[in-house]
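Asks: Sharing a sequence plus its predicted fold:
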Amino acid sequence: MTPAEFDFPAWAQAALAESSCEGFLDVEDASIHYITWGDASNPPLVLIHGNAASAEWWRFIGPLLSDHYYVIAPDLPGMGDSAHTGKYERERYAEQIMAVAAALAPKRKPFLVGHSLGGCVAILAGNAYAEQLAGIIVVDWPPCEPLLKDASPFDNANPKPKIYPDRDSALARFRVVPKQDVNCAFYVRHVAEHSIREEAGGWRWKFDPASLSQPRKLSFVSDLLALRCPVALMWGALTARFDDSVRRICREQFTGVFPMVEIPNARHHIMLDEPLALVTALRTQLANWR
């Protein structure tokens, strides 16, 4: 791609220029990095990223939600700029997300929005802390694994981080997982640039490989039905994570139970394909709950 292909549209430039704050919190002996947008007196809204990702995946989404919410985007431990702890159980992530919300917005019930692995974390938080939540939105995390699904690329992650000789080599190797075409080249470039760090001998991905392949449940249908806080499901119309079998289960199990929204022209990484459509869907659902 040429540099011109990374030109930001006007709305994205405005979002990138929006004022934000960054910091670190110590949670269970883990230093957790976070980004916030908006007035801290507004209702808290926590955005939880996916596997091997970071808060920077919300960089063009968070500002567009900050008019009415105090938007908090943490890096999960072992990812982004948070500490590598060696303790990456998904239930622990749910506890840590709730601790971050409690520290930054004490005594207030947060909304949780989780994409991919973040959706799993949001469900687990809902299971354990429903009374402390204003609602959860699960974005492209299937309630059960698709039929005939290949093993996740994360299951066989190399335990040793790959070192690239220079920054450009690392950036050239960046790929989204699962693999897909992406509509917004500028967004991919941004997350790629914030996914690497320099260390002795070259450049590496920020995530700890040990954080990627933790055991995961194959079905969350019963967990979702048992939740005692407001819930909504969203997914991309073109996502491979919701095949015909998963969509059928959603219709059979959840119709009339909670909202389900399909984002047109979007694959699994919805913010990289249709960020404004995702913002519109989130704004609408959150406003309905408020």
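Replies: Yes, it's here.
Asks: which residue is nearest the centroid of this structure?
Replies: His49 (1.9 Å; Cα atoms, centre = their mean).
Asks: What ranges in the stretch 1-150 of the chain fall below the confidence cut-off?
Replies: Along the stretch 1-150 of the chain, the model assigns pLDDT under 70 to residues 1-6, 147-150.
Asks: repeat that with 80
Replies: 1-7, 147-150 (pLDDT under 80).
Asks: For the closest residue to Ile163 other than its chain neighbours, which residues are in contact?
Replies: The shortest distance from Ile163 to any non-neighbouring residue, by Cβ to Cβ, 6 or more residues apart in numbering, is to Gly202 (4.4 Å). Heads up, the C-betas are built off the backbone N, CA and C, glycines and all. By Cβ atoms under 8 Å, 6 or more residues apart in numbering, Gly202 lies in contact with 163-166, 169-170.
Asks: Quick check on Gly202: phi, psi?
Replies: phi 150, psi -150 (degrees, to the nearest 10).
Asks: I'd like the distance between it and Val177.
Replies: 22 Å (Cβ to Cβ, to the nearest Å).
Asks: part of a strand, is Asn183?
Replies: No: read with DSSP: H, G, I helix; E, B strand; the rest coil, Asn183 is coil and lies in no strand.
Asks: what's the burial count for it?
Replies: 15 (other Cβ atoms under 10 Å).
Asks: And for the one 10 residues further on?
Replies: Other residues lying near Glu193 total 14 when counted by other Cβ under 10 Å.
Asks: tell me the secondary structure for the closest residue to it other than its chain neighbours?
Replies: Using Cβ to Cβ, 6+ apart and skipping the chain neighbours, the partner closest in space to Glu193 is Leu171 (6.8 Å). Recorded secondary structure, Leu171: helix (three-state DSSP).
Asks: can you tell me which residues contact Leu171?
Replies: Leu171 touches 192-193, 196, counting by Cβ under 8 Å, 6+ apart.
Asks: Okay, and which of the residues you listed map to helices?
Replies: When DSSP state H defines the helices, the subset of the contacts of Leu171 inside them is 192-193.
Asks: tell me which of the contacts of Leu171 is nearest to Asp81?
Replies: Nearest to Asp81, judged by Cβ to Cβ, of the contacts of Leu171 is Ile196 at 11.7 Å.
Asks: Just give me the neighbour total for the nearest residue to that closest one once chain neighbours are set aside.
Replies: In space, and not counting its chain neighbours, Ile196 is closest to Ala170: 4.6 Å by Cβ to Cβ, 6+ apart. Residues contacting Ala170 under the criterion other Cβ under 10 Å number 22.
Asks: Ala170 and Glu22: what is the separation?
Replies: Taking Cβ to Cβ, one finds Ala170 at 22 Å from Glu22.
Asks: Likewise for Arg204?
Replies: Note on Arg204: its distance to Glu22, by Cβ to Cβ, is 21 Å.
Asks: what does Asp75 give?
Replies: For Asp75, the distance to Glu22 - Cβ to Cβ - is 10 Å.
Asks: Show me which of these two is the more surrounded one.
Replies: The residue with more neighbours, out of Asp75 and Glu22, is Asp75; 24 against 11, by other Cβ under 10 Å.
Asks: Grab the nearest non-local neighbour of the more buried one.
Replies: Spatially, and ignoring its direct neighbours in sequence, Asp75 is nearest to Ser82 (4.0 Å; Cβ to Cβ, 6+ apart).
Asks: I'd like to know how many residues surround the one you found.
Replies: Neighbours around Ser82, by other Cβ under 10 Å: 26.
Asks: wait, what's in contact with it?
Replies: 30-33, 74-76.
Asks: one more time with 10 Å, if that's ok
Replies: Ser82 is in contact with 24-25, 27, 30-34, 54-55, 74-76, 96, 206-208, 211, counting by Cβ atoms under 10 Å, 6 or more residues apart in numbering.
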